[in-house]
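Chemist: based on what follows, work out the 3D shape:
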Amino acid sequence: MIGKKILITAMSATLLVGSAAASFAANGHPMGGRQGPRMPPEVLFVRMLQQFDTNGDMKISKDEAKAGVDKIFDAIDTNKDGSITPGEFREYRKTQMKAMWEERKKMMEDNKDKAKPDDQAMNDDEGGKPPRDGKHGPRGEGRHGKGMRGGMMAEMLFHRVDTDQNGQISKAEAEAGMAKLFDRMDRNHDGFIALDDMPKRPLL
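Modeler: Residues are numbered from 1 along each chain as shown. This next block holds a predicted model:
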């Protein structure tokens, strides 16, 4: 249960980045492509359920989305001055990703101990470590270990959510970004994000 909470928390900043993706879409850019990391609505929906669905009805109301993004904001705003700086965002993401990888490593080690002999080779291939990209550390990290993906996420977030362009994100700006994301995902405009709002894609 603790591991599940760590994994969920480690994904939470992505929801703020999803708000930035919605801003890209609102300005005529696709959600993804060359403008930023692709964030399928199904992925955002699952993460929002994990984070925001406080009453367990399997859908997200506007109030739940606002309360959820406020909670994430407060976790990132470590000095409690009412604004998120790029440094706070990078440090938050670094801390949460480290916790996620440590928990994943522990889970892989536990699974390896329980594995049957015939499964050992497969476990060794998969490894109990974060996916690596050559010499450069966990996948997504650059040559200097600073996390190229994290830098792109931060740049995208601040470029689109920081509407007054003062280099920081206020809670009002974060809430406005989430409101745009909510309106875009609520395709039937009933005031909730639910399974019916998700695109119908073939399983295979």
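
Chemist: state which helix of this structure is the longest.
Modeler: helix 86-114 (DSSP state H).

Chemist: and that one, what other elements does it pack with?
Modeler: Applying 3 or more C-beta pairs under 8 Å, 6 or more residues apart in numbering; DSSP states H and E, one finds that helix 86-114 makes contact with helix 2-10, helix 13-26, helix 62-76, helix 120-126, helix 148-161. All C-beta spots, glycine's among them, are computed from the backbone N, C-alpha and C.

Chemist: in that helix, what counts as buried?
Modeler: Of the residues in helix 86-114, 86, 88-90, 92-93, 96-97, 99-100, 103-104, 108 count as buried by neighbour count, 16 or more other C-beta atoms under 10 Å.

Chemist: then stretch 189-204?
Modeler: Phe192, Ile193, Ala194, Asp197, Met198.

Chemist: quick one: work out the angle between the longest helix of the chain and helix 62-76.
Modeler: Between helix 86-114 and helix 62-76, the angle comes out at 90 degrees (axes from the mean of the first three to the mean of the last three C-alpha atoms, to 10 degrees).

Chemist: for Ile60, give me phi and psi.
Modeler: phi -120, psi 120 (degrees, to the nearest 10).

Chemist: that one contacts Asp53, doesn't it?
Modeler: Yes - counting by C-beta atoms under 8 Å, Asp53 is a contact partner of Ile60 at 6.1 Å.

Chemist: who has more neighbours, the two?
Modeler: Each of Ile60 and Asp53 has its neighbours counted (other C-beta atoms under 10 Å); Ile60 has more, 25 against 16.

Chemist: so what's the more buried one up against?
Modeler: Ile60 makes contacts with Phe45, Met48, Leu49, Phe52, Asp53, Gly68, Phe182, Phe192, Ile193, Ala194, as judged by C-beta atoms under 8 Å, 6 or more residues apart in numbering.

Chemist: got it, and Asn79?
Modeler: Glu88.

Chemist: could you grab the helix/strand/coil label for it?
Modeler: Three-state call for Asn79 (DSSP: H, G, I helix; E, B strand; the rest coil): coil.

Chemist: run through this structure and note the low-pLDDT ranges.
Modeler: 1-38, 115-153 (pLDDT under 70).

Chemist: pull out the buried positions in the helix or strand hosting Val43.
Modeler: Element membership for Val43, per DSSP states H and E: helix 41-52. In terms of neighbour count (16+ other C-beta under 10 Å), helix 41-52 has its buried residues at Pro41, Leu44, Phe45, Arg47, Met48, Leu49, Gln50, Gln51, Phe52.

Chemist: which other helices and strands does that helix contact?
Modeler: Against helix 41-52 (3+ C-beta pairs under 8 Å, 6+ apart) you get helix 2-10, helix 13-26, strand 60-61, helix 62-76, helix 171-185.

Chemist: after the fourth one, which helix or strand is next?
Modeler: Spelled out, it's helix 62-76. Immediately after helix 62-76, counting by DSSP H and E, sits strand 83-84.
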